[in-house]
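Colleague: Below are the sequence and a predicted model; questions follow.
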Amino acid sequence: MTNLHTPKAVIVIFGATGDLAKRKLFPSIYKLYKSGKIGDDFAVVGLARRPWTNDVFRTNVRESLQNALSMEEDAEEFTSHFYYHPFDVTQAESYTELNGLITDLESTYKTDGNRIFYLAMAPEYFGSIAHRLEEYGLKNSDGWTRLVIEKPFGHDLKSAKELNKEIRVAFNEDQIYRIDHYLGKEMVQNIEVIRFANGIFEHLWNNRSISNVQITSSEELGVEERARYYDHSGAARDMVQNHMLQMVALLAMEPPIKLTTDEIRSEKVKALRALRQLEPEEVDEYFVRGQYGKGTMKGKELVGYREEADELHDSNTETFVAGKVMIDNYRWAGVPFYIRTGKRMAEKCTKIVVEFKDIPMNLYYKEEAEKHPNLLVINIQPNEGITLYLNAKKSGMGSMAEPIQLSYTNNGVSGINTPEAYEKLLFDCMIGDTTNFTHWDEVAHSWAFIDTVLNRWQEVKADFPNYTSGSMGPDAANQLLEKDGFHWWDVAKNE
Ligand SMILES: NC(=O)C1=CN([C@@H]2O[C@H](COP(=O)(O)OP(=O)(O)OC[C@H]3O[C@@H](n4cnc5c(N)ncnc54)[C@H](OP(=O)(O)O)[C@@H]3O)[C@@H](O)[C@H]2O)C=CC1
Ligand SMILES: O=C1O[C@H](COP(=O)(O)O)[C@@H](O)[C@H](O)[C@H]1O
């Protein structure tokens, strides 16, 4: 299966017995293998403390493939590339042994000394692992070495800076792959193409033609098994600082002069630099937080966030955020970007609605009729596609108009939680393409923006719970738009 162009590497997964490895990473590597994107010149080393053997690990990998991909077929050959090494990241001697194991595998699998260190572990270990990889010579191979870091990258700007400093002692910026899995989603990657490969949009993509942009990423799931992590994080850190602001950057950036990593990242950074920094007293005007209470979804009674686990009984953590983000530059002055994300909402859906300004005089609708501005809807998940909302003449007599839709559905429609995004990002990492990973400057600007909101929220206790499970969040999220004369477009997710 190997050909000259398939990348070769030993992939070392720190935290290989954990949830992320099982749900996302193993299925992604398998899909790359099955599609021939990676050949036979690879090995995966799984690290974690529990005393597993290679056989136990391989069984675990097979189970993960069965669960994630509902596959029946035997994956014996694939899993033979997987090796398990009991390992405590806090123990120095572990690293020397690991180096020996990797070196042996490099000669067995002819991976040219290429090494990926994937940190699928709690973030408090990121800095020390990077440091020890350097200290114990694991970076001194004949090939390239890359460090993949999961989120969260810090808890605020200060801690993110400290973490970055620690990592940068051992790795250069171009060796660091900070994962934001939204950047691996097909339709998120499509934002750039829709914008810059279509003359009709680029002319209109500014404050003269667009009245507002709405980005929603709603989840039906609650906090699940992640109460410890989530309660320390909350929706602003978990979703807004990274995924939501990355989507804002892609929608707002200027066209890159070339499709190179540096040019694209530099345009995204410029957009993030232009985010209007709020004064603490402005936060309540621009941002709304929420926490889910009990409710019903699809006929099932659900408990509130505070009842999900004992330690959450008086939690002040937000499970919902809506915000108005302003971008103070020539293109976007005066155009609000509304963002909204939360858990236990009515549906699992991520979509972007670009609302165009009304024409000055519309003779084709009755004066009192509801307005039908043109909308461009980018459906990111669960279904993938674009819909353009236009107005056309009602068939028959007269000249009255009616709203119509032009829709494109992506053929590669994927279900929720498929490993697709990780598959693409892992491959990008193997071929050394950092475009769809977040550069430090993007992380820093996003934290600087969100820190103000979080600091304000820390000062003032919220009146939680304030939305029902199965709803679209607190009323205040609707009022945020209503006071500007807009409303959230409830466009169906299939369109
Ligand atoms: N799960 C998800 O859907 C997502 C996770 N992430 C991020 O991915 C990372 C991992 O998350 P997740 O898989 O959910 O976490 P888990 O808690 O499920 O897994 C943690 C892993 O770390 C290992 N581990 C813990 N302490 C040590 C140690 N001292 N030495 C060696 N191994 C250790 C555990 O194994 P053992 O106990 O055997 O040592 C386990 O394999 C986190 O940064 C998270 O924020 C990001 C997005 C989504
Ligand atoms: O990063 C995260 O994302 C998921 C939502 O991802 P999606 O691909 O299913 O939209 C979210 O559930 C999780 O809390 C967060 O850490």
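Modeller: Thanks, I have the structure now. What you are looking at is a predicted structure, and each value in this text was computed from that prediction instead of being measured. Numbering: from 1, shown residues only. Ligands and ions are numbered 1, 2, ... in the order given.
Colleague: and the stretch 1-150 of the chain, which residues reach ligand 2?
Modeller: Near ligand 2, no residue belonging to the stretch 1-150 of the chain is found when assessed by Cβ under 6 Å from any ligand atom. Backbone N, C-alpha and C define where each C-beta goes, glycine included.
Colleague: tell me the contacts of whatever residue of the stretch 1-150 of the chain ends up closest to ligand 1?
Modeller: When you check the stretch 1-150 of the chain against ligand 1 by Cβ to the nearest ligand atom, the closest residue turns out to be residue 18, at 2.3 Å. Taking Cβ atoms under 8 Å, 6 or more residues apart in numbering, we find residue 18 in contact with 48, 120-121.
Colleague: again, 7 Å this time
Modeller: 48, 120 (Cβ atoms under 7 Å, 6 or more residues apart in numbering).
Colleague: Report the buried residues of stretch 51-64.
Modeller: Neighbour-count burial for stretch 51-64 flags 52, 57-58, 60-62, 64 (criterion: 16 or more other Cβ atoms under 10 Å).
Colleague: what residues does this protein put near ligand 1?
Modeller: Counting by Cβ under 6 Å from any ligand atom, the chain sits next to ligand 1 at 15-20, 48-50, 87-90, 120-123, 150-152.
Colleague: which among the residues you listed end up buried?
Modeller: Neighbour-count burial (16+ other Cβ under 10 Å) is assigned, among the residues of the chain next to ligand 1, to 15-18, 20, 48, 87, 89, 120-121, 123, 150-152.
Colleague: Using CSV, lay out those residues together with pLDDT.
Modeller: Formatted as CSV, the entries for those read as follows, by pLDDT from 0 to 100:
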residue, pLDDT
15, 97
16, 98
17, 97
18, 94
20, 93
48, 97
87, 93
89, 94
120, 96
121, 93
123, 90
150, 93
151, 91
152, 91
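Colleague: Just those: which are in strands?
Modeller: Among these, the residues falling in strands (DSSP state E) are residue 48.
Colleague: Quick check: phi and psi on the residue nearest to residue 329 when sequence neighbours are not counted?
Modeller: Computed as Cβ to Cβ, 6 or more residues apart in numbering, the closest residue to residue 329 that is not its neighbour in sequence is residue 274, at 4.3 Å. Summarising the backbone geometry of residue 274 under the convention degrees, to the nearest 10, its torsions are phi -90, psi 0.
Colleague: Tell me how many other residues crowd residue 274.
Modeller: When neighbours are defined as other Cβ atoms under 10 Å, residue 274 has 19 of them.
Colleague: Ok, the one 5 residues further on next?
Modeller: Residue 279 has 11 neighbouring residues, counting by other Cβ under 10 Å.
Colleague: re earlier: so which of the buried ones among the residues of the chain next to ligand 1 comes closest to residue 363?
Modeller: Ranking those by separation from residue 363, with Cβ to Cβ as the measure, puts residue 151 on top at 50.9 Å.
Colleague: Next up, the contacts around the closest residue to residue 143 other than its chain neighbours.
Modeller: By the measure of Cβ to Cβ, 6+ apart, the closest residue to residue 143 outside its immediate chain neighbours is residue 113, 3.2 Å from it. With Cβ under 7 Å, 6+ apart as the criterion, the residues that contact residue 113 are 106, 141-143.
Colleague: Can you list the low-confidence ranges for the stretch 201-350 of the chain?
Modeller: Within the stretch 201-350 of the chain, not a single segment meets pLDDT under 70.
Colleague: On the three-state scheme, the residue in the chain that ligand 2 sits nearest to is what?
Modeller: When scored by Cβ to the nearest ligand atom, the chain has residue 238 as its residue closest to ligand 2, at 4.7 Å. Here residue 238 is helix, with the state taken from DSSP: H, G, I helix; E, B strand; the rest coil.
Colleague: list the contacts for it?
Modeller: Applying Cβ under 7 Å, 6+ apart, one finds that residue 238 lies in contact with residue 230.
Colleague: Kindly recompute the last result at 8 Å.
Modeller: Contact analysis of residue 238 by Cβ under 8 Å, 6+ apart lists 152, 230.
Colleague: And it, how far from residue 232?
Modeller: Between residue 238 and residue 232 the distance is 10 Å, computed by Cβ to Cβ, to the nearest Å.
Colleague: Now do the contacts for residue 114.
Modeller: Residues near residue 114 by Cβ under 8 Å, 6+ apart: 7-10, 141, 143-145.
Colleague: Narrow those to just the buried residues.
Modeller: Looks like those have 7-10, 141, 144-145 buried, using 16+ other Cβ under 10 Å.
Colleague: Adding secondary structure and distance to residue 27, write the residues you listed out as a markdown table.
Modeller: Compiled in a markdown table, the buried ones among the contacts of residue 114 are given as follows (DSSP: H, G, I helix; E, B strand; the rest coil; distance: Cβ to Cβ, whole Å):
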| residue | secondary structure | distance to residue 27 |
| --- | --- | --- |
| 7 | coil | 18 |
| 8 | coil | 21 |
| 9 | strand | 18 |
| 10 | strand | 19 |
| 141 | coil | 27 |
| 144 | coil | 25 |
| 145 | strand | 25 |
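Colleague: Many thanks, we can stop here.
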